[in-house]
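Enquirer: sequence and predicted structure, then a few things I'm wondering about:
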Amino acid sequence: MRVVAGQLRELTQPDLAFARQIGCAGVGVNKPDLDSPAWVAFLNKQFTAAAGPRAPTRRWSALDLAQMRAAVEAHGLKLDCIEGVPRNLLDKAMLGLPGAEEQIEDFKATLRAMGQAGIGVLGYNWIPDGVWRTAKAAHGRGGALITAYDDGIGQRVATGTLPPRDEAQMWANWEAFITAVLPVAEAVGVRLSLHPDDPPVPVLDGVARIFRNEAAFGRAMAFADSPNHGICFCTGTFAEVGAEAMMTALRRFARAGRIHYVHLRSITGELPRFAEAFIDEGAVDPVAVLRELLDAGFDGFVMDDHVPHVVDDTVWGHRSRAHATGTIAGILRALRAENRRTTP
């Protein structure tokens, strides 16, 4: 098990240096925008030739990904995973709209490119309207800015931008998707890691949220029963329906070897109302989580996620992420030392 820095989107030299300085072994890149001005400018500094205009990226090329991996490895880090493609590159497949087949073909091409570039994990979700919060500037411990969700509000509002879809339709769309893409992932040696719906309520904005509990993930793992298909286990999202339920699911899927990596974060409360929290407070016990992973022989990676915004922090959250990463690393070191003392 190793600790990595998460939720980087536009890789920069200072961010990568920071991840290494706080002791991370690698990084996870979250829905990288390869057309972003920051990333293009970074690459242009490395080459004398003018980049010229660039068409919007629908699928990532092996060269794009190899350049990203090289930038990470130059800092002594590993590019452990890419967490998802931008939502508008998979929304038609999720909703079963015209153009779904084209998006699936683009997704397959991205998998092949990842295989060629030697990047082994692609996280994904099945949430066409994204993560929902009804408050994005609530106050947590010491006045830190946190996000929160109240289902009483969430069920009253709607964007009006998505066609309604029930559970049967969303399951059918996912089954068609995973049936098409999993053989490609297996062929190129890339693992697909499914993230739970956040918040895990039955429906939002007229669209069913199907990956919201242990039973749903049991069904998904049985349907796509392959070492190349597993779970991005988000402790916070699973705990939004209860901390005990989260630990039960963690124990089941960790011992079955179906967890590829972990988002380790905490919350206060549970549905119908919850809020983000620092990793050392709230409903999630990081000591119990990491102990369970060690006992199960988990050999993937753990990263922070959804950190509160502390005083004078950056948009990415350097200060808060240093606190979360240091907490995770310290607990893991203590548990390993404990295991060495008690092992005959």
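Expert: Received the coordinates, thanks.
Enquirer: mind listing the strands for this structure?
Expert: For the chain, applying DSSP state E gives strands covering 2-8, 26-30, 78-83, 121-124, 135-139, 145-150, 191-194, 203-204, 207-208, 229-234, 259-263, 266-270, 273-277, 301-303.
Enquirer: by mean pLDDT, which helix or strand of this protein comes out lowest?
Expert: helix 37-44 (a mean of 62; mean pLDDT, DSSP states H and E).
Enquirer: with distance to V157, mean neighbour count and mean pLDDT added, can I get the strands of the chain in JSON lines?
Expert: To be clear about C-beta, it is placed using only N, CA and C from the backbone, and glycine gets the same treatment. As requested, the strands of the chain are arranged in JSON lines below (distance: least, CB to CB, whole Å; neighbours: other CB atoms under 10 Å; pLDDT from 0 to 100):
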{"stretch": "strand 2-8", "distance to V157": "26", "mean neighbour count": "23", "mean pLDDT": "92"}
{"stretch": "strand 26-30", "distance to V157": "26", "mean neighbour count": "22", "mean pLDDT": "93"}
{"stretch": "strand 78-83", "distance to V157": "27", "mean neighbour count": "24", "mean pLDDT": "95"}
{"stretch": "strand 121-124", "distance to V157": "26", "mean neighbour count": "22", "mean pLDDT": "97"}
{"stretch": "strand 135-139", "distance to V157": "12", "mean neighbour count": "13", "mean pLDDT": "95"}
{"stretch": "strand 145-150", "distance to V157": "11", "mean neighbour count": "20", "mean pLDDT": "97"}
{"stretch": "strand 191-194", "distance to V157": "27", "mean neighbour count": "22", "mean pLDDT": "98"}
{"stretch": "strand 203-204", "distance to V157": "9", "mean neighbour count": "18", "mean pLDDT": "96"}
{"stretch": "strand 207-208", "distance to V157": "13", "mean neighbour count": "20", "mean pLDDT": "96"}
{"stretch": "strand 229-234", "distance to V157": "24", "mean neighbour count": "25", "mean pLDDT": "98"}
{"stretch": "strand 259-263", "distance to V157": "26", "mean neighbour count": "25", "mean pLDDT": "98"}
{"stretch": "strand 266-270", "distance to V157": "20", "mean neighbour count": "20", "mean pLDDT": "98"}
{"stretch": "strand 273-277", "distance to V157": "15", "mean neighbour count": "22", "mean pLDDT": "98"}
{"stretch": "strand 301-303", "distance to V157": "31", "mean neighbour count": "25", "mean pLDDT": "98"}
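Enquirer: determine which of those approaches P286 most closely.
Expert: Distances from P286 to each of the strands of the chain were compared using CB to CB; the minimum, 7.3 Å, belongs to strand 266-270.
Enquirer: give me the contact list for that closest one.
Expert: In this structure, residues lying in contact with strand 266-270 by CB atoms under 8 Å, 6 or more residues apart in numbering are 235-236, 239-243, 274-284, 286.
Enquirer: what's the PyMOL syntax to select whichever of those are buried?
Expert: PyMOL command restricting these to the buried ones, with burial defined by 16 or more other CB atoms under 10 Å:
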select buried, resi 235+236+239+240+241+243+274+275+276+277+278+279+282+283+284+286
